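Q: curious how this folds, go ahead:
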Amino acid sequence: MIDFLLLAVGLVGVVVSAWLVVRSAIDIANRFGVPPYVVGFTLVAFGTSLPELLVSVVSTLRGSGDLCLGNVLGSNVANVGLALAASLLFSGLAPKFEKRIFKLEYPVLILAHVLLYAFLMDGVLARIEAFVLFAGVISLMAFVYQAHPSDVPEESSSPLLKSGLPIVCLTLLLGCGLLYFSSEVSVHYAVSLARGMGISERVIGVTVVAIGTSLPEVATCIIAAIDGHHRVSIGLILGSNLINLGCVLAVASLINPIVVQSSGMNFDIAFALGASVVIILTAMVKKQAVRFLGIGLLLGYVSYLYLSAST
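A: You can find the predicted model right below:
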């Protein structure tokens, strides 16, 4: 019971600190005129992926490769099954897609999952393989930033805008510090629960920890949907999933190569790839069926959690 409570405290800390990081990041972006889709795809996606990054780094340093990979893949599924579903349910409108997304960002996201599967066939994500993922995603981020020079940034409703730039930057630094501490607590007690209850670290990673680290994306998508900022929402989901694979997982593996011991990782990669494919449905669905699609995504995510626990 104590481990459960301390894990909950750690996850709450992750969410609160991530909210601070995201809000301050959006404010800084708006001050410097960064376009809305780019804000979601890069800066906000990086901010909301900090929990996954820190949890994954701490996990790999502790030798918990299954928890690290499970957290990343579980978060990618949660970004679609929870964050995108919440966006559809709260707004009743499908996110606004740009045609070029399906020519570059979306194919790269699919390719990243395929490469990850190929790299993990031997049970290890080596440093050179991690570097390939990292270099690819960073190059894509830089290209996307250059490809959207004429967009007009959307206004943020954050009260931080009323503060001076030094206060916002300080909030960003404090949020990052709290993220690290909260992530350390979350990983420690998640591993403790997994070993104490005989549950595999992979299952803990793709369920409890993945949901906890994905809550910033869920909250941000809900806020964006309510405010009508659909371009930020879809940019966040695409960017966060790419960053999870090409930065979070890659950085963790560059620090300490990830060794996969669980046989269920193929299932997780396949489901994460399937979740990415589902994103295209939101660009095709009619207005009357948007909320039905959102409910379908939620039901699909619940099925994933059930199957993960029994795999």
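Q: could you use CA atoms for every contact and neighbour count after this?
A: Fine.
Q: now the most centrally placed residue in the chain. Nearest residue, chain neighbours left out?
A: Nearest to the mean C-alpha position of the chain, by CA atoms, centre = their mean, lies S240 at 4.3 Å. Counting by CA to CA, 6 or more residues apart in numbering, S240 lies nearest to A45, which is 4.6 Å off, once chain neighbours are set aside.
Q: report the secondary structure state of the one you found.
A: Three-state assignment for A45 (DSSP: H, G, I helix; E, B strand; the rest coil): helix.
Q: where does pLDDT dip in the stretch 101-250 of the chain?
A: Segments of the stretch 101-250 of the chain classed as low confidence (criterion: pLDDT under 70) are 147-163, 201, 227-230.
Q: what ranges do the strands span in it?
A: Taking DSSP state E, counting those that start in this stretch as the criterion, the stretch 101-250 of the chain contains strands spanning 124-125.
Q: who's in contact with G246?
A: Counting by CA atoms under 8 Å, 6 or more residues apart in numbering, G246 makes contact with A112, A130, L133, F134, A135, G136, V137, I138.
Q: please redo it, this time with the cut-off set to 10 Å
A: For G246, the contacting residues are 109, 112-113, 116, 130-138, 240, by CA atoms under 10 Å, 6 or more residues apart in numbering.
Q: okay if I get those as a markdown table plus distance to A25?
A: Supplementary listing: these in a markdown table, determined by distance: CA to CA, whole Å:
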| residue | distance to A25 |
| --- | --- |
| L109 | 24 |
| A112 | 26 |
| H113 | 28 |
| L116 | 29 |
| A130 | 26 |
| F131 | 26 |
| V132 | 27 |
| L133 | 24 |
| F134 | 22 |
| A135 | 23 |
| G136 | 23 |
| V137 | 20 |
| I138 | 18 |
| S240 | 15 |
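Q: closest to L172 out of these?
A: S240 (18.4 Å; CA to CA).
Q: wait, that closest one sits on S75?
A: Yes: using CA atoms under 10 Å as the test, S240 is close enough to S75 to be in contact (9.1 Å).
Q: now for those two: what residues contact both?
A: Any residue near both S240 and S75 by CA under 10 Å, 6+ apart counts here, and that gives S49, E52, S214, E217.
Q: and the two most separated of the residues you listed?
A: Pairwise distances across the shared contacts of S240 and S75 (CA to CA) peak at 11.1 Å, for the pair E52 and E217.
Q: common neighbours of these two, please.
A: S75, S240.
Q: circling back: ok, the residue nearest to S240 - how many residues close by?
A: A count of nearby residues for A45, using other CA atoms under 10 Å, gives 28.
Q: what does I226 give?
A: Every residue meeting other CA under 10 Å relative to I226 is counted, giving 14.
Q: now L115
A: By the other CA under 10 Å criterion, the neighbourhood of L115 contains 14 residues.
Q: go on, the one 3 residues further on?
A: Residue neighbour count, defined by other CA under 10 Å, stands at 13 for A118.
Q: what's the separation between S214 and N30?
A: In this structure, S214 and N30 are separated by 24 Å, where distance is defined by CA to CA, to the nearest Å.
Q: compare those two (neighbour count), which wins?
A: Between S214 and N30, S214 has the larger neighbour count (other CA under 10 Å), namely 28 against 19.
Q: so which strand or helix has the closest residue in space to that one that isn't next to it in sequence?
A: Spatial nearest neighbour of S214, excluding adjacent residues (CA to CA, 6+ apart): S75 at 5.6 Å. Assigned by DSSP states H and E, S75 belongs to helix 65-78.
Q: again with G294
A: The secondary structure element spanning G294 is helix 290-310 (assigned by DSSP H and E).
Q: ok and that helix relative to helix 65-78, angle-wise?
A: For helix 290-310 and helix 65-78, the angle between their directions (axes from the mean of the first three to the mean of the last three CA atoms, to 10 degrees) works out to 160 degrees.
Q: check which helices and strands helix 290-310 sits against.
A: helix 65-78, helix 85-91, helix 201-204, helix 265-278 (3 or more CA pairs under 10 Å, 6 or more residues apart in numbering; DSSP states H and E).
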